[in-house]
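*Asks:* Below is the sequence, then the predicted model.
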Amino acid sequence: MHNFMGEFADVKRNRLLKFLRKLDNQEGFIVDTSGNHQWIIKHKDWLRPYPISFNHNKLKSVYVKDILKRVSKISGISIIELKKWF
Amino acid sequence: MLDKLSPIRHNFRLFLSKFKSSSIIEEALVCYRQKLPDRIGVSWQREKDGYIVGKVIVEENGKENYFFTQGKNGKDFIENVNDALYSYYEIPAQYISYLGGLEKYNPPLEDLEKLNDKNVRKAFIGEVFGKKEIVNA
């Protein structure tokens, strides 16, 4: 999920799904489907859920980076640890 | 076993819902309509593989917030911006078509041309705080 430079890379949908399933089991988080082609991550301390498109085979790196940064910030789990969930 | 996050399960449920007479509550529809912003800002860039990744900026109670979305091309990107917005505001799927569907927020023609022009690598559509009319509601 990240290259040798430590930067973020694109993530395949199946690997993202694995990550979301694990996130759904974390305290405070709820992950569900929504809209036409979206997953949503909810957290009890967030005003709004975070939508993630699932109608493509991959999720672009910029997108992945933003998700991990937000989840890390609210959960206290390091990005390095979160990357292991993929 | 298809769990609650399975895209196949979700798509199948959406398909089945087309054959059911969904209950639309008028008061709820009005509330959902008011929930949606008048305008949004979208900053996007085109990746090497042609994907368009965009940052959707919304203003709510004087505070700016954002989320990302993506598309394989201009049309797909616009549909995903709309779809993600409905999810962001937690609007149930059966109300989407009543609120303008996946074409509710459309960029002005000039910006749409940029989205469809593969030579344009990045652009910003609109301004969040309404200095000009941006993505039309």
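*Replies:* Alright, I've got the coordinates.

*Asks:* ok, how many other residues are close to B:Gln34?
*Replies:* B:Gln34: 7 surrounding residues under other C-beta atoms under 10 Å in any protein chain shown. C-beta coordinates here come from the backbone N, C-alpha and C atoms, glycine included.

*Asks:* State the helix or strand in which it lies.
*Replies:* If you go by DSSP states H and E, B:Gln34 is part of helix B:26-35.

*Asks:* Which secondary structure elements does that helix sit against?
*Replies:* Secondary-structure packing of helix B:26-35 (3 or more C-beta pairs under 8 Å, 6 or more residues apart in numbering or on different chains; DSSP states H and E): helix B:93-96.

*Asks:* and for the helix holding B:Gln34, what are the contacting residues?
*Replies:* Contacts to helix B:26-35, defined as C-beta atoms under 8 Å, 6 or more residues apart in numbering or on different chains, come from residues B:89, B:91, B:95, B:98-99.

*Asks:* So which of those wins on neighbours?
*Replies:* Highest neighbour count within these: B:Ile91, with 22 neighbours (other C-beta under 10 Å).

*Asks:* and it, helix, strand or coil?
*Replies:* Going by DSSP: H, G, I helix; E, B strand; the rest coil, the secondary structure assigned to B:Ile91 is coil.

*Asks:* do you know how far the residue lying closest to it once chain neighbours are set aside is from B:Trp44?
*Replies:* With C-beta to C-beta, 6 or more residues apart in numbering or on different chains as the criterion, B:Ile91 has its nearest non-adjacent residue at 4.9 Å, and that residue is B:Tyr32. To B:Trp44, B:Tyr32 is 26 Å away according to C-beta to C-beta, to the nearest Å.

*Asks:* between these two, who's got more neighbours?
*Replies:* Between B:Tyr32 and B:Trp44, B:Trp44 has the larger neighbour count (other C-beta under 10 Å), namely 26 against 19.

*Asks:* Only the buried residues of the helix or strand encompassing the more buried one, if you could.
*Replies:* In this assignment (DSSP H and E), B:Trp44 forms part of strand B:41-46. Of the residues in strand B:41-46, B:41-46 count as buried by neighbour count, 16 or more other C-beta atoms under 10 Å in any protein chain shown.

*Asks:* Near the closest residue to B:Glu103 other than its chain neighbours, how many other residues are there?
*Replies:* Nearest residue to B:Glu103, sequence neighbours excluded (C-beta to C-beta, 6+ apart): B:Asn82, at 6.8 Å. For B:Asn82, the count of nearby residues is 25 (other C-beta under 10 Å).

*Asks:* State the pLDDT value of B:Asn82.
*Replies:* Predicted confidence (pLDDT) at B:Asn82: the value is 94.

*Asks:* Please list all residues in contact with it.
*Replies:* By C-beta under 8 Å, 6+ apart, the residues touching B:Asn82 are B:100-105.

*Asks:* can you rerun that using 6 Å?
*Replies:* B:Asn82 makes contact with B:102, B:104-105, according to C-beta atoms under 6 Å, 6 or more residues apart in numbering or on different chains.

*Asks:* just the helices in chain B please.
*Replies:* For chain B, the helices defined by DSSP state H cover B:7-17, B:26-35, B:74-88, B:93-96, B:109-116.

*Asks:* which bits of chain A sit near chain B?
*Replies:* Residues of chain A lying close to chain B by C-beta under 6 Å from any C-beta of the partner chain are A:20, A:33-36, A:38, A:40, A:48, A:50-51, A:53-54, A:60, A:62-63, A:66.

*Asks:* Weed out the non-buried ones from the residues you listed.
*Replies:* Buried among these by 16+ other C-beta under 10 Å: A:20, A:33-36, A:38, A:40, A:48, A:50-51, A:53-54, A:60, A:62-63, A:66.
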